[in-house]
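Peer 1: need a structure here:
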Amino acid sequence: MNLRDASKNKKLILSILFDAIGMIPFIDILWAPLSGYLMTKLYKGTKGKLAGIFSFIEEIIPGTDFIPTFTIMWVYTYVFSSETSTEDRIIDIN
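Peer 2: The predicted structure follows:
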């Protein structure tokens, strides 16, 4: 599956799944770099890179696994952000 082509709903499902994986105890050392990488693939551009760094830091620090970083990024991107990427625009041809 190509993460770049994932729809908004697929990104939400993946975000929830990745947050759940991040809550598994004792895998932080392996999950931290992978979560940072996955974040940059789900969300492009500068905000994806910054979210990837934040995700890495959040996962590597013990006791912060409860923060749903991927889901927060999804909410920021699709609920609070005023930007609409070209892949999210709906073109009505009537």
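Peer 1: correct me, but Glu58 touches Phe66?
Peer 2: No - if you go by Cβ atoms under 8 Å, Glu58 and Phe66 don't touch, sitting 9.7 Å apart. For glycine as for every other residue, the C-beta is placed from the backbone atoms N, C-alpha and C.
Peer 1: what's the nearest residue to the spatially most central residue of the chain if we skip its chain neighbours?
Peer 2: In the chain, the residue lying closest to the centroid (Cα atoms, centre = their mean) is Phe70, at 3.6 Å. In this structure, Phe70 finds its nearest non-sequential neighbour in Ser15, 3.7 Å apart by Cβ to Cβ, 6 or more residues apart in numbering.
Peer 1: got a pLDDT number for that neighbour?
Peer 2: Looking at Ser15, its pLDDT stands at 96.
Peer 1: what helices or strands is the helix or strand harbouring it leaning on?
Peer 2: Assessed by DSSP states H and E, Ser15 sits inside helix 8-22. Packing partners of helix 8-22 (3 or more Cβ pairs under 8 Å, 6 or more residues apart in numbering; DSSP states H and E): helix 28-42, helix 69-75.
Peer 1: and Phe66, what does it touch?
Peer 2: In this structure, Phe66 makes contact with Met23, judged by Cβ atoms under 8 Å, 6 or more residues apart in numbering.
Peer 1: sorry, back to before: need the pLDDT of the residue nearest to the centre of the chain.
Peer 2: At Phe70, the pLDDT value in this model is 97.
Peer 1: look up how far Gly36 lies from it.
Peer 2: For Phe70, the distance to Gly36 equals 11 Å [Cβ to Cβ, to the nearest Å].
Peer 1: shared neighbours of those two, anything?
Peer 2: Shared contacts of Phe70 and Gly36, counting by Cβ under 8 Å, 6+ apart, come down to Ser55.
Peer 1: what kind of secondary structure is Phe66 in?
Peer 2: coil (DSSP: H, G, I helix; E, B strand; the rest coil).
Peer 1: that one and Ile57: what is the separation?
Peer 2: Note on Phe66: its distance to Ile57, by Cβ to Cβ, is 15 Å.
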